[in-house]
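[1] here is my input; please provide its structure:
(one chain, ligands or ions: 2)
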Amino acid sequence: MVYDQWREANRRPLWLPQTQEGQFANQPNRFGGAPDLAPDETWPRCRHCGVTMPLFLQLDVATLPAKAPVRTEVGQGLVQLFGCADCGAPLSEDGSAVARLLPAAARQTALMSHQTKMLPPQSIVGWQRHEQLPTADEWEGDELPDEEEEQPQPWIDQHGFGHDQLGGWPSWVQYAEYPPCPVCGRPQRLLFQIASEQGLDFMFCDVGTAYLLYCSHHADQLSFSWQST
Ligand SMILES: [Zn+2]
Ligand SMILES: [Zn+2]
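    Numbering: from 1, shown residues only. Ligands and ions are numbered 1, 2, ... in the order given. Sure thing, here's the model as predicted:
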């Protein structure tokens, strides 16, 4: 039927990160740890409480799997997500989170002091490719006749809150939400999904899931959101 054909037509690849504890000089892709910064830059701080925001995620686009759409569409640069782990303000780009693309240029390792907040580094040392069909959350057609039975996908954790993943379809905790690109208005796409306490030692509210989205036409337009029950 139409719904099944639509799902099959929207099959997407995704990649699950394989991680190793620690931060390594030759390994730019990681959860937590210290970020690379532009040469003249200091570690981003939370606008609400003033503390340094820990690095949540860093990805060197040019080192991502060759077939990942973000690699073709963005090309190069360092994708970074910072978030405040301190002030209890709901994480948002309104001051307590920063999602950005740092251009591929000279970089320095961020300087630290004893006050610098950092989450334990987990380096991404490999990727495991899978494929994924969209769920009914993404369906914009007529109302589905019945609650469609979704075939469980073997690589998905049984807890139902999604998984750390590069690309593919988001595991929405509540509802599908794609902010329009501020430049062109096209709906943004999933760049990376971060689950609570998998690669990143952080809990998004009540075992929530975070979404880093991007515009496939405007590489520097990233956005960050999260959902929780
Ligand atoms: Zn804060
Ligand atoms: Zn755009």
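
[2] rest of the way, CA atoms for contacts and neighbours
    OK.

[3] so which residues of the chain form helices?
    Along the chain, counting by DSSP state H, helices occupy 2-9, 69-74.

[4] what residues of the shortest one count as buried?
    Applying a neighbour-count criterion of 16 or more other Cα atoms under 10 Å, the buried positions in helix 69-74 are 69, 70, 71, 74.

[5] contact residues of the protein facing ligand 2?
    Residues of the chain lying near ligand 2 by Cα under 5 Å from the ion: 181, 183, 184, 215, 217, 218.

[6] select from those residues the one having the most neighbours.
    Ranked by the number of neighbours (other Cα atoms under 10 Å), the residues of the chain next to ligand 2 place residue 215 first, at 26 neighbours.

[7] what sits closest to residue 194 if chain neighbours are left out?
    Spatial nearest neighbour of residue 194, excluding adjacent residues (Cα to Cα, 6 or more residues apart in numbering): residue 164 at 4.6 Å.

[8] next, that neighbour: phi, psi?
    phi -60, psi 130 (degrees, to the nearest 10).

[9] that one touches residue 197, doesn't it?
    No: with contact defined as Cα atoms under 8 Å, residue 164 does not count as touching residue 197 (9.5 Å).

[10] which one of those two has more residues nearby?
    Ranked by neighbour count (other Cα under 10 Å), residue 164 and residue 197 place residue 164 first, with 24 against 15.

[11] and that one, what's its pLDDT?
    Residue 164 is assigned a pLDDT of 96 by the prediction.

[12] oh, and call the first residue 427 from now on, that's how I've got it
    Taking 427 as the first residue, the last one we looked at is residue 590.

[13] by mean pLDDT, flag the weakest helix or strand of the protein.
    Least confident helix or strand, the chain: strand 534-535 with a mean of 84, by mean pLDDT, DSSP states H and E.

[14] touching that one from outside, list them.
    The contact list for strand 534-535, computed with Cα atoms under 8 Å, 6 or more residues apart in numbering, reads 460, 461, 462, 463, 464, 465.
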